[in-house]
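Q: Here is the input, now give the coordinates:
(one chain, ligands or ions: 1)
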Amino acid sequence: MNNEAWTDDTVFETALGDTAREVDAVIDRLIPIPPGPEARVFEAMRYAALGPGKRLRPFLVMASARLFGVARRSALQVAAAVEMVHAYSLVHDDLPAMDNSDLRRGRPTCHKQFDDATAVLAGDGLLTLAFEVLAHPHTHGDPAVRCELVSALALAAGNQGMVGGQMFDLIAEHRPDLDIGAITRLQRLKTGALIAFSCEACAILGKAPSDARTALRGYAHDLGLAFQIADDVLDVEGSTEMTGKPVGQDVVAGKATFVSILGVVRARAQARLLVDQAVAHLDIFDANTELLRQAARFVVERRA
Ligand code: GRG
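A: Numbers count the residues shown, from 1 in each chain. Next up is the predicted model:
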């Protein structure tokens with residue numbers, strides 16, 4: 001990847017595709033199918049983690065790796081771990097006990113392709129493997145750095161992050177009166193925390209100073225919210241063909257979202273404002289931050 005040359009959308013999307021292929025090769029290597037009856041859960045894990053997604057979180061890891069001179073091999077291990085956690089969250093979110101969705105990434109959801117119990121186990125397997133990958137000496141030579149990565153991912157993915165946000169979201173289905181502050185907090189936990197980890201992980205790997213971490217956290221916070229607003233807009237204006245998943249469900253459920261509170265026009269404007277704010281956090285870096293700037297713009301312009 002040569003970030004100096006990435007100046008337009010087409011080049012950015014090519015770079016996103018290149019990162020996807022690279023991280024998929026790492027995931028492919030990390031989940032070989034063994035002989036024996038347990039092979040089925042490995043197949044379901046591969047189905048979930050290697051499905052046709054954008055790989056935005058791995059891209060954020062690889063783009064921020066450049067800011068801190070992090071070795072490509074280390075960054076790819078982290079990128080694979082983040083994508084595994086993301087894939088697990090989608091598998092569990094789609095289960096009958098949660099969203100009860102049949103379609104994800106334009107294909108049958110994991111529990112439809114396999115069965116509910118296998119999908120639960122595939123999610124568990126992906127989540128657990130992500131921590132094994134971070135704890136492996138291949139990820140970083142310094143055990144203190146590996147420990148910090150494990151701890152940061154646990155905070156982002158667990159009850160103080162994504163799991164807490166998912167609980168809040170399930171409760172919010174019956175609370176159409178929630179205000180913008182509550183929705184913002186919900187989304188920060190549910191999707192923002194893992195996006196923030198994706199941006200900050202390379203600061204941990206590169207032992208970056210605290211001002212760099214604070215700047216990346218600010219970028220990630222604004223980016224995460226802009227991402228979620230774009231997702232809410234797609235749920236209203238997109239189609240199943242575009243997004244590869246059912247749309248319009250929030251409206252049917254009468255759920256409070258950024259769009260239900262602000263309306264589409266103001267929600268879009270808010271997302272663009274957040275993107276401007278996100279990229280302003282990057283001004284403190286001397287290194288080329290063009291990739292992260294383009295990622296922020298992509299998040300609100302995306303059609304899937
Ligand atoms: C089950 C613990 C647990 C958590 C689930 C993230 C999440 C929490 C659920 C996903 C539900 C959802 C559709 C949220 C909206 C934002 C989001 C995470 C969209 C999917 O992410 P993309 O667009 O997906 O990056 P791809 O397929 O491109 O990887």
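
Q: is it fair to say Glu13 lies in a helix?
A: Yes - per DSSP: H, G, I helix; E, B strand; the rest coil, Glu13 lies within a helix segment.

Q: Pull up the per-residue confidence for it.
A: At Glu13, the pLDDT value in this model is 86.

Q: and stretch 65-85, which residues are buried?
A: 65-68, 70, 74-85 (16 or more other Cβ atoms under 10 Å). Backbone N, C-alpha and C define where each C-beta goes, glycine included.

Q: Also stretch 163-172?
A: Val163, Gly164, Gly165, Gln166, Phe168, Asp169, Ala172.

Q: Ok, stretch 265-275 next?
A: Ala267, Arg268, Gln270, Ala271, Arg272, Leu274, Val275.

Q: in this structure, what spans have low per-residue confidence?
A: Within the chain, the ranges that satisfy pLDDT under 70 run 1-8.

Q: Restricted to helices, list the buried residues of stretch 163-172.
A: Secondary structure defined by DSSP state H assigns Val163, Gly164, Gly165, Gln166, Phe168, Asp169, Ala172 of the buried residues of stretch 163-172 to helices.

Q: residues touching the fourth one, list them.
A: The contact partners of Gln166, by Cβ atoms under 8 Å, 6 or more residues apart in numbering, come to Ser89, Asp93, Met98, Lys190.

Q: what's the helix or strand for the second one?
A: Using DSSP states H and E, the secondary-structure element containing Asp93 is helix 72-94.

Q: Now do the contacts for the residue of the chain at minimum distance from the ligand.
A: Nearest to the ligand, among the residues of the chain, is Gly53, at 2.9 Å (Cβ to the nearest ligand atom). Listed by Cβ under 8 Å, 6+ apart, the contact set of Gly53 reads Ala20, Glu83, His86, Ala87, Arg105.

Q: For the third one, which residues are in contact?
A: Same thing as His86. Residues in contact with His86 (Cβ under 8 Å, 6+ apart) are Gly53, Arg57, Leu194.

Q: now do the first one
A: For Ala20, the set of contacting residues under the criterion of Cβ under 8 Å, 6+ apart consists of Gly53, Lys54, Arg55, Pro58, Phe59.

Q: host element of it?
A: helix 9-30.

Q: buried sites along that helix?
A: Going by 16+ other Cβ under 10 Å, helix 9-30 has these buried residues: Phe12, Ala15, Leu16, Thr19, Ala20, Glu22, Val23, Asp24, Val26, Ile27, Leu30.

Q: doesn't the residue of the chain closest to the ligand fall inside a helix?
A: No - using three-state DSSP, the assignment for Gly53 is coil, not a helix.

Q: Confirm for me that Glu200 is in contact with Ala152.
A: Yes - between Glu200 and Ala152 a contact is recorded at 6.8 Å, counting by Cβ atoms under 8 Å.

Q: Ile204 reaches Glu148, doesn't it?
A: Yes - look at Ile204 against Glu148 with Cβ under 8 Å: they come within range, at 5.1 Å.

Q: Which one's more surrounded, the two?
A: Ile204 (23 against 17; other Cβ atoms under 10 Å).

Q: Does stretch 60-68 reach the ligand?
A: No - on the criterion Cβ under 6 Å from any ligand atom, stretch 60-68 is out of touch with the ligand, staying 10.5 Å away.

Q: circling back to that earlier point, comparing Glu200 and Ala152, which shows the higher neighbour count?
A: Each of Glu200 and Ala152 has its neighbours counted (other Cβ under 10 Å); Glu200 has more, 24 against 19.

Q: for the more buried one, what are its contacts?
A: Contact analysis of Glu200 by Cβ under 8 Å, 6+ apart lists Ser64, Ala152, Arg213, Leu216, Arg217, Ala220.

Q: okay, the angle between the helix or strand where it lies and helix 72-94?
A: Element membership of Glu200 [criterion: DSSP H and E] is helix 193-205. Angular relation of helix 193-205 and helix 72-94 on a 0 to 180 degree scale: 160 degrees, by axes from the mean of the first three to the mean of the last three Cα atoms, to 10 degrees.

Q: near the ligand, which residues of the chain show up?
A: 53-54, 56, 86, 89-90, 92-93, 105, 162-163, 166, 190-191, 231.

Q: Tell me which stretches of the stretch 201-304 of the chain form helices.
A: Assigned by DSSP state H, counting those that start in this stretch, the helices in the stretch 201-304 of the chain fall at 210-237, 240-243, 249-253, 258-262, 264-280, 290-301.

Q: what packs against the fifth one?
A: Using 3 or more Cβ pairs under 8 Å, 6 or more residues apart in numbering; DSSP states H and E as the contact criterion, the neighbours of helix 264-280 among helices and strands are helix 210-237, helix 258-262, helix 290-301.

Q: Would you mind giving these as CSV with mean neighbour count added?
A: Below are the helices and strands packed on helix 264-280 laid out as CSV (neighbours: other Cβ atoms under 10 Å):
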stretch, mean neighbour count
helix 210-237, 21
helix 258-262, 20
helix 290-301, 21
